[in-house]
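[1] turn this into a structure:
(2 chains)
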Amino acid sequence: MAAQPEEAGGWRDIGAYLKSAGFRFAALFAVLFLAAILGFALMLWWGTAGTLSRQIDDAIRADAIGLQEAWRSGGVAAAMEAIGERLAVDIDDHAIYLLMDEAGNRLAGNLDRWPSAAEIPGSWSADMVRRDGVAVPARLHRVPLDRGHRLLVGRDATDRENLRTLLSEALLWSFAVAVAFALAGAAALRRALADRLRAASATAGAIAAGDLSRRVPLSAQRDEFDQLGASMNAMLDRIDQLMMGIKGVSDSIAHDLRTPIARARMRLENALLRAPDEESLRAAMETTVADLDGISRVFQALLRIAEAEAGARRAAFARFDLAAVLTDAAEVYGALAEERGQQLQTSWPEKLEMVGDRDMLLQAIANLLDNAVKFTPEGGTIRLTASAPARGKRDISVSDEGPGLAPMDRARAGERFFRADPSRALPGSGLGLSLVKAVAVLHGGELQLGDAKPGAERPGLEARLTLSSRA
Amino acid sequence: MQILLVEDDAEVARFVKKGLQEAGHIVEHVGNGRDGLFMAASEPFDLLILDRMLPGGVDGLRIVETLRSQDNKTPVLFLTALGSVDERVKGLKAGGDDYLVKPFAFAELLARIEALARRPAMEVPATKLAVADLEIDLLSRTVTRAGRRLEVQPREFRLLEHLMRHAGQVVTRTMLLEKVWDYHFDPQTNVIDVHVSRLRQKVDKGFDVPLIHTVRNAGYMIRAEA
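    This next block holds a predicted model:
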């Protein structure tokens, strides 16, 4: 029972191996390599054995033309004489001639018999011929002659045949070596690919198993694999950030929503047990309802911050006029400031087009103005300004005349539920700046906190949002 | 009003049904989406209150989409725990008329229901709205009270217009934020109160009968009688 699936697994493994990208790359490599070797061998053959053959043929052709000339000008006698002369000067003993009359009698030449391959006048052939009792390979050309005579011109091709044999053997051996190299190279290539990918796939596996801290190791080469690894790491960082966001929310909920829930619960329990009359019971319940409203407001704010931090709303980015949003916010909070005897000064260009999340930015600006109104004393001035410092950049600044924020508190101001000591007595959840910060990051920028009037007794707070129009 | 409530949580449904009945409405309640769609399609209701996530394979969005595709224009209010901006947009796009996120105050729900019930009448374009001796002209965007011209700013005009379109009904702060300011979040300070009190200064100050009233634990109302 157990053996069968294993066997099937083995076949499947081979199938998978053949389908793997590594194998395909390696096979492609091997085929290309062998094709190159083949091309090289063909060139070599053409350049050596081929050249030799062509030289032999050229010599035969020249001889044939010379003998035909002699035949035409002087008949049989001239041809016989010319053959005799040529044989006399052929020191290498490579030349082959045979002139026969119509009866088949040899008139001149160094062959005993007419070779069977050269029957057709004008034909070229290769045949074994007997010379001095030894059979040798030869290249033969039957020269067309009139009057029934036959003339054969040829060359001993022993050297050429030797070279061919030598070359074929050498090429066969080198091809065998090339195949071995191609296979070894392909295997090495496949292994190198697998090795480079192993780190990434091990990382992915570890992450799938729950270890989000793992990253793909990058080599110093900065090649394609490193680029892929870097993109994977960037993606993992993003996922990690989202997970942290979720964790942040659940931590905040655990930590800071329990207290108000406990308070509401205690109030109800206390009223249930000890309320002397219906009226105080009713009062306690009303307060509890208000408490619960507060809790759901905090809850809503936390979700909203998480929404901004997750960056999920970036898909909803659209083009809008920031100036209109600012005018809107100034109108709403101007009335609030006026109510408190404060003044809201504003300044921004007539048009401030940008791409972003209008709702989120509006809320961020509202939160900053809310803080400014809260902390500025009566008769004070709040400034809301905005500008486009560079192409695609938008700055929004809100400054107040409040107590300001101590430098050590500034870094913590964006944390959820953080409230600087002087503000603990005022209403607020400690979530306002967290949202502002998250919205700034969502828009590819940041929230900078500083003194509105550095050095003054009441330095005030300047909150500056630096945004990228194209986040 | 005949109201259909599709809500799977029995406790919330009981609370809403009881409250609406006390306010003089007739309420049918079903606990799953399929029954809800069947009821909404087969019986005439003045208003539907739908949860988004419902058992029975048919969710609130599907109900609205199906009804709208059958040319059923019954006003729909979503009452749901899905509170993100995207979800809200989805709900309104599908054909919902209003969107209220749980947890909610009953007064808020009631105010929104009554505002929705009034909507068909608004299809007739009015050029003038009047409450007692207060009159606004929607074309020239002027406000007069007892024949005297009152100067209001554009946003105050929109605030007043919204209150007057719902004269005799409670308009909550969140409704004003959404409808007049297009704010879909809860500002930390109650900015609405400041704006209403400024409007009140202009509309009611110096006159015997105040028209803009604060409804405790709910919102505001404009009405003729004191």
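[2] give the rounded mean pLDDT of stretch B:105-119.
    Rounded to a whole number, the mean pLDDT of stretch B:105-119 is 87.
[3] what of stretch A:180-193?
    86.
[4] how about the lowest-mean-pLDDT helix or strand in chain B, does it reach chain A?
    Of all regular secondary-structure elements in chain B, judged by mean pLDDT, DSSP states H and E, the least confident is helix B:85-94 with a mean of 88. Yes: contact between helix B:85-94 and chain A, assessed by CB under 8 Å from any CB of the partner chain, occurs at B:V85, B:D86. The C-beta positions use only the backbone N, C-alpha and C, and glycine is treated the same way.
[5] buried ones in stretch A:150-159?
    Using 16 or more other CB atoms under 10 Å in any protein chain shown as the test for burial, stretch A:150-159 gives A:R150, A:L151, A:L152, A:V153, A:G154, A:R155, A:D156, A:A157.
[6] will you turn the residues you listed into TSV that also has distance to chain B?
    As requested, those are arranged in TSV below (distance: CB to the nearest CB, whole Å):
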residue	distance to chain B
A:R150	102
A:L151	100
A:L152	98
A:V153	96
A:G154	94
A:R155	92
A:D156	94
A:A157	88
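[7] among those, which are in strands?
    The subset of the buried residues of stretch A:150-159 located in strands under the criterion DSSP state E comprises A:R150, A:L151, A:L152, A:V153, A:G154, A:R155, A:D156.
[8] what's across from the fifth one in the sheet?
    Just to be clear, that refers to A:G154. Bridge pairing for A:G154 (DSSP bridges) gives the partners A:I96, A:L140.
[9] look up the closest residue to the residue positioned nearest the centre of chain B, ignoring the ones flanking it.
    For chain B, the residue lying nearest the average C-alpha position, counting by CA atoms, centre = their mean, turns out to be B:R112 (2.7 Å). With sequence-adjacent residues excluded and distances taken as CB to CB, 6 or more residues apart in numbering or on different chains, B:R112 is closest to B:D98, at 5.3 Å.
[10] what residue ranges in the stretch 1-150 of chain A are flagged as low confidence?
    A:1-10 (pLDDT under 70).
[11] and the strands in the chain, which stretches?
    In the absence of a named chain, this looks at chain A. Here chain A has its strands, by DSSP E, at A:95-100, A:106-109, A:124-131, A:134-143, A:150-156, A:318-321, A:343-347, A:353-356, A:381-387, A:393-399, A:446-451, A:461-468.
[12] chain B was what I was after
    B:2-6, B:26-30, B:47-50, B:76-80, B:98-101, B:128-131, B:134-137, B:142-145, B:148-150, B:171-172, B:212-215, B:219-222.
[13] quick one: mean pLDDT for the fifth one?
    Put plainly, it is strand B:98-101. Per-residue scores along strand B:98-101 average to 92.
[14] which other helices and strands does that strand contact?
    Contact partners of strand B:98-101 among helices and strands, from 3 or more CB pairs under 8 Å, 6 or more residues apart in numbering or on different chains; DSSP states H and E: strand B:76-80, helix B:85-94, helix B:106-117.
[15] 6 Å - rerun?
    Under the contact definition 3 or more CB pairs under 6 Å, 6 or more residues apart in numbering or on different chains; DSSP states H and E, strand B:98-101 sits against strand B:76-80.
[16] name the residues that touch the strand it packs on?
    Residues lying outside strand B:76-80 but in contact with it, judged by CB atoms under 6 Å, 6 or more residues apart in numbering or on different chains, are B:L48, B:I49, B:L50, B:D51, B:R52, B:V64, B:G91, B:G96, B:D97, B:D98, B:Y99, B:L100.
[17] and the gap between the closest residue to B:A117 other than its chain neighbours and chain A?
    Distances taken as CB to CB, 6+ apart place B:M1 nearest to B:A117, at 5.6 Å, with adjacent residues excluded. Relative to chain A, B:M1 is positioned 26 Å away (CB to the nearest CB, to the nearest Å).
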